[in-house]
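1. structure for this input, please:
(chains A and B)
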Amino acid sequence: SQQGEEDPQALSIQEGENATMNCSYKTSINNLQWYRQNSGRGLVHLILIRSNEREKHSGRLRVTLDTSKKSSSLLITASRAADTASYFCATDLGGTSYGKLTFGQGTILTVHP
Amino acid sequence: GAGVSQSPSNKVTEKGKDVELRCDPISGHTALYWYRQRLGQGLEFLIYFQGNSAPDKSGLPSDRFSAERTGESVSTLTIQRTQQEDSAVYLCASSRIQEPRYGYTFGSGTRLTVV
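-> Reported below is the predicted structural model:
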């Protein structure tokens, strides 16, 4: 399997519910990033968490990182219909590979009004 | 400019033709990256520029693919003798330094369709 795999592949929830997406990876990383993509085009950076951090918050987003399990989760609280999009995690190995992000295949989130 | 600009936004080309895709990064961003995204897939790294040099070309799928960057600004990705498997969205990203604290800024991509 690939570095940076998301789970589930698709998630369908009602507005107001929380959405949790998981990401697993295989090798040691410098940081892990979450991105959002609407309509299969440009990606929007959501949050970056470094390997020495365990949790970060940004608005309704909460990201956790467990380096011992090589996994991360993205929680979107009180979801809105406008949160409907694909969400990708991306790992950055750092060192000479800085910026060479490895993306998973993404989670398609659908929030029903 | 305010964001990363890519052109054209859509390109349909016949198999065997050459295509050029353009990326205008954010002014002052020295690092520039090209990725490819096939339908329903995540992004695949193609090439990375620091200034005008490309220290990492490891993701270019074949010698039909090449890229250059001039003036630490605009970059072009050229695909020669296009094949149907080259159909994808090609995304460009830039950052101020190689380790951006706040992630990378992506353009809206060029959707390439080879018929």
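2. switch to C-alpha atoms for all contacts and neighbour counts from now on
-> OK.
3. near chain B, which residues of chain A show up?
-> A:33, A:41-45, A:47-48, A:88, A:94, A:98-106 (Cα under 8 Å from any Cα of the partner chain).
4. my understanding was that B:Leu46 contacts B:Ser58; is that so?
-> Yes - between B:Leu46 and B:Ser58 there is a contact under Cα atoms under 8 Å: 6.8 Å.
5. the two: which is more packed in?
-> Each of B:Leu46 and B:Ser58 has its neighbours counted (other Cα atoms under 10 Å in any protein chain shown); B:Leu46 has more, 23 against 12.
6. now do the helix or strand harbouring the more buried one, average pLDDT.
-> For B:Leu46, the host element (DSSP states H and E) is strand B:43-50. Mean per-residue pLDDT for strand B:43-50: 91.
7. my guess is A:Thr102 meets B:Gln37, correct?
-> No - with contacts counted by Cα under 8 Å, A:Thr102 stays clear of B:Gln37, the gap being 11.8 Å.
8. which residues are in contact with both of these two?
-> Taking Cα atoms under 8 Å, 6 or more residues apart in numbering or on different chains as the criterion, A:Thr102 and B:Gln37 both touch B:Leu43, B:Glu44.
9. name every strand pairing with the strand holding B:Leu46 and say which way it goes.
-> If you go by DSSP bridges, strand B:43-50 pairs up with strand B:31-37 (antiparallel), strand B:53-56 (antiparallel).
10. pretty sure B:Phe49 contacts B:Ser58?
-> No - using Cα under 8 Å, B:Phe49 is not in contact with B:Ser58, being 11.9 Å away.
11. residue contacts, B:Gly109?
-> By Cα under 8 Å, 6+ apart, B:Gly109 lies in contact with A:Arg41, A:Gly42, B:Gln6, B:Ser7, B:Ser9, B:Val89, B:Tyr90, B:Leu91, B:Cys92.
12. most neighbours of all those residues, which one?
-> Busiest of the contacts of B:Gly109 [other Cα under 10 Å] is B:Cys92, holding 34 neighbours.
13. quick one, strands of the chain?
-> Answering for chain A, as no chain was given. Ranges of strands within chain A are A:5-7, A:10-14, A:19-24, A:31-37, A:43-50, A:55-58, A:61-66, A:71-76, A:85-92, A:102-103, A:107-112, based on DSSP state E.
14. I was after chain B.
-> B:5-7, B:10-13, B:19-24, B:31-37, B:43-50, B:53-56, B:65-69, B:75-79, B:88-95, B:105-106, B:110-114.
15. most tightly surrounded among those?
-> Counting by mean count of other Cα atoms under 10 Å in any protein chain shown, strand B:88-95 has the highest mean neighbour count of the strands of chain B, with a mean of 27.
16. and chain B, which of its residues are near chain A?
-> Within chain B, the positions near chain A by Cα under 8 Å from any Cα are B:33, B:40-45, B:48, B:89, B:91, B:98-99, B:101-109.
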